[in-house]
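Visitor: Let me see the structure of the following:
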Amino acid sequence: MQTVAEKILYEIGQHENGWCFSPKDFMGLANRDALDQSFSRLVKEGKIRRIGRGLYDIPRYSELLKTTLSPVSDQIAKATARKHGWRIQPTGAGAANLLNLSTQVPMKVVYLSDGPTKTMQIGSPTIQFKKTAPKDMVSNELSALVIHAFKYLGKEHVTSEIIAKLRERFDQKQKDQLLKDGHFCTDWIFEAIQKICQRGETNG
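Guide: Presented below is the predicted three-dimensional model:
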């Protein structure tokens with residue numbers, strides 16, 4: 001029979017490398033006391049790492065850099081949002097970076113949130129949650145990334161290469177949703193989204 005700690009490690013293994021989490025992500029496995037004891041044991045054994053108050057990840061070691069890597073800021077933000085029941089959406093350079101449309105690593109990543117305004121400093125960059133009205137948040141996560149990245153880049157920097165890159169990246173279901181969400185955007189952003197979603201096209 002698996003221990004609670006073993007169940008936790010198995011669940012972690014079902015997620016992407018760099019996933020951050022809190023005990024709340026495992027509430028279906030055991031009661032809170034058992035979870036807290038298992039988390040404490042796993043930290044002592046070096047199998048998970050405490051990165052902040054109630055937040056953890058699996059330590060990742062880089063053979064190239066010969067060092068343990070810092071936690072992934074977007075994963076920290078997502079784990080925090082799940083812990084508190086917030087909806088969040090990355091904006092600005094953070095959104096562009098997550099889509100690989102910009103190599104700039106921002107010193108501060110800003111997320112729109114239906115929770116309170118809050119700033120976190122766990123490694124680098126600084127994470128800021130900016131309270132906004134739910135109506136100002138895009139319903140779909142991928143659509144939100146594209147729209148906020150385009151707002152950050154600006155019309156003149158959303159090139160045909162970027163259009164082609166995103167067209168190649170998204171499947172038809174994602175494109176249909178993006179087109180639906182794009183109707184509520186500024187005209188130039190919607191026009192760029194239309195180019196991404198054109199069927200049978202290979203360049204912008």
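Visitor: Can you check the pLDDT for the residue lying closest to Trp86 once chain neighbours are set aside?
Guide: Excluding its sequence neighbours, the residue lying closest to Trp86 (Cβ to Cβ, 6 or more residues apart in numbering) is Gly115, at 3.5 Å. All C-beta atoms are positioned from the backbone trio N, CA, C, and that covers glycine. Note for Gly115: predicted pLDDT of 93.
Visitor: Thr202 too?
Guide: 46.
Visitor: Same check on Lys66?
Guide: Reported pLDDT for Lys66: 83.
Visitor: same check, this time on Ala95
Guide: 93.
Visitor: shouldn't it be in contact with Ser143?
Guide: No. With contact defined as Cβ atoms under 8 Å, Ala95 does not reach Ser143; the gap is 11.1 Å.
Visitor: So for the protein, which residue is the most central one in space?
Guide: Centroid-nearest residue in the chain: Asp74, 4.2 Å away (criterion: Cα atoms, centre = their mean).
Visitor: Show me what the host helix or strand of Ala149 is packed against.
Guide: Ala149 is part of helix 141-153 when elements are defined by DSSP states H and E. Helices and strands touching helix 141-153, by 3 or more Cβ pairs under 8 Å, 6 or more residues apart in numbering; DSSP states H and E, are strand 88-90, helix 92-98, helix 172-182, helix 187-197.
Visitor: Run the chain-centre distance for it.
Guide: 13 Å (Cα atoms, centre = their mean, to the nearest Å).
Visitor: could I have it exported to PDB, CA atoms only?
Guide: Once non-C-alpha atoms are left out, helix 141-153 reads as follows in PDB (Å, rounded to 0.1, in the frame of the first residue of the first chain):
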ATOM      1  CA  GLU A 141      -5.800  31.000 -21.100                       C
ATOM      2  CA  LEU A 142      -4.100  30.700 -24.500                       C
ATOM      3  CA  SER A 143      -6.100  33.500 -26.000                       C
ATOM      4  CA  ALA A 144      -5.200  35.700 -23.100                       C
ATOM      5  CA  LEU A 145      -1.500  35.000 -23.600                       C
ATOM      6  CA  VAL A 146      -1.700  36.000 -27.300                       C
ATOM      7  CA  ILE A 147      -3.700  39.100 -26.700                       C
ATOM      8  CA  HIS A 148      -1.600  40.400 -23.800                       C
ATOM      9  CA  ALA A 149       1.700  39.500 -25.700                       C
ATOM     10  CA  PHE A 150       0.500  41.500 -28.800                       C
ATOM     11  CA  LYS A 151      -0.500  44.500 -26.600                       C
ATOM     12  CA  TYR A 152       3.000  44.400 -25.200                       C
ATOM     13  CA  LEU A 153       4.800  44.000 -28.500                       C
END
